[in-house]
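Novice: give me a model of this one.
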Amino acid sequence: MQTVRKTTYGRLALALATAMLGACGGGNADTPQANQLDPAIIQQEIDARSVALASIDPNHTDFSDLAVFGQSVGDARIVVLNETEHALGENMRLVARLTRYLHEQKGFDVFLMESSLFDVQRMVELKQQQGISYLDSGPGRMFFATSRTAEGRELVRYLDQAAQGGRPLQLAGVDVMMGGESSLTELLPRLEHYLRQNGSTLPDSANWPAYRMVSQKIASLVQVQSDRPSSAEQAAFQQVSTQLASELCQTPYAGEAVFESKSYWCRVTQSLPYQARYLWTSAGSSNADLNWAERDIAQGQNAAWWLEGPFRGKKAILFTHAAHGSVA
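Specialist: Modelled structure (predicted):
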């Protein structure tokens, strides 16, 4: 049974301290005192239970201030690093430093992130085949808060650096949101080529043009009502998705290159319907919360595929927004 540690840094500290004190601080929970906490007492508890960090700078490599964090991690195989807001600079710098610590001091060798399953793998391929850095290939492929902000690029810079050497830190995306440059221009042609190469007749089927069109709208993150596919087009897309599952999802990963793996293409093609429901359920719908959860569950399934397949037995960091990571 694998062990997972979840550690959230950012603006939740006061809320967490308040919840902790309300649950176990002084007296019967039914008494008014239990629900009328003195801010000074809260601050005292935070001060008593906190360990000051020397720095959040990823280049600060005296890790002695992270000893308590390391004890909390223990022998866990998976550590989840959350952000409470996208593009919060201090949080991103701390994630970069913790990632460096986990890789260099605790033996973690995989970095899974909330970014496109397809686009991030294309970045990995570009680095392996053409030597293109993540810093250069990330903008337009990797989630913007990581690839386009100064603080996020500190993390990407370390991922570039750590991809080299005797024990590289390997990178992968887990998100179903296929909205990057590679998803827009390469995903469908590459899928068609893979299917034909493996004897599939689906690219020549009557429903394939509708599948291709709907998939392109999904990759383009189309949400405007007038631009959405018709119900008939969505039905054709779903029928092809079901057929793809029967062709691709019955073969477990067996050590092949990722883009040559049926089970990888299973994850890509089964992520697209989740993204479709996420995009095309109106915010006021009774199913909106369910579709949010479905996206997160699919993200968790993608993470599990990496950890049970290409990265089996490796220690992994999962970096995601706290709202998504709670499900994944």
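Novice: show me which residues of the longest helix along the chain are buried.
Specialist: The residue-count maximum for a helix in the chain (DSSP state H) belongs to helix 288-308. Residues of helix 288-308 classed as buried: 291-292, 294-296, 298-303, 305-307 (neighbour count, 16 or more other C-beta atoms under 10 Å). Quick note: C-beta positions are derived from backbone N, CA and C, even for glycine.
Novice: got any ranges where the chain has weak pLDDT?
Specialist: Scanning the chain for pLDDT under 70 picks out 1-36, 85-89, 282-292, 322-328.
Novice: tell me, what residue is most central in it?
Specialist: For the chain, the residue nearest the mean C-alpha position is Glu114 (2.1 Å; C-alpha atoms, centre = their mean).
Novice: can you tell me the closest non-neighbouring residue to that residue?
Specialist: Closest residue to Glu114 apart from its sequence neighbours, by C-beta to C-beta, 6 or more residues apart in numbering: Thr320 at 3.9 Å.
Novice: and the helix or strand in which that neighbour is found, how far out from the chain's middle?
Specialist: Remark: Thr320 resides in strand 316-321, with elements defined by DSSP states H and E. Strand 316-321 sits 6 Å away from the centroid of its parent chain (C-alpha atoms, centre = their mean, to the nearest Å).
Novice: before we move on, the earlier item: ok, residues contacting the longest helix of the chain?
Specialist: For helix 288-308, contacts defined as C-beta atoms under 8 Å, 6 or more residues apart in numbering pick out 78, 110, 112, 114, 117, 172-177, 253, 263-264, 267, 270-271, 274-275, 277-278, 281-282, 314, 316, 318, 320, 323-324, 326-328.
Novice: care to break the chain down by domain?
Specialist: For the chain, automatic domain parsing gives the domain ranges 4-176+313-325, 181-308.
Novice: which parts of this structure are strands?
Specialist: Along the chain, the segments classed as strands by DSSP state E run 4-8, 78-83, 110-116, 170-175, 316-321.
Novice: and these as CSV, adding distance to Arg212?
Specialist: Shown next, in CSV, are the strands of the chain (distance: least, C-beta to C-beta, whole Å):
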stretch, distance to Arg212
strand 4-8, 38
strand 78-83, 35
strand 110-116, 18
strand 170-175, 22
strand 316-321, 30
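Novice: residue boundaries of the helices in the stretch 1-150 of the chain?
Specialist: 13-24, 39-49, 67-73, 89-106, 117-130, 134-137, 144-147, 150-162 (DSSP state H, counting those that start in this stretch).
Novice: quick one: which of the ones you listed is nearest Ser230?
Specialist: Within these, the stretch nearest Ser230 is helix 117-130; the backing value is 25.4 Å (C-beta to C-beta).
Novice: quick one: distance of that closest one to the chain centre.
Specialist: Here helix 117-130 is found 16 Å from its chain centre; the criterion is C-alpha atoms, centre = their mean.
Novice: now do stretch 266-286
Specialist: Relative to its parent chain, stretch 266-286 has a centroid offset of 16 Å by C-alpha atoms, centre = their mean.
Novice: buried set for it?
Specialist: 266-281.
Novice: I'd guessed Ile56 sits against Leu94; true?
Specialist: Yes. Between Ile56 and Leu94 a contact is recorded at 4.4 Å, counting by C-beta atoms under 8 Å.
Novice: more crowded one of these two?
Specialist: A side-by-side neighbour count of Ile56 and Leu94, using other C-beta atoms under 10 Å, places Leu94 first with 22 against 19.
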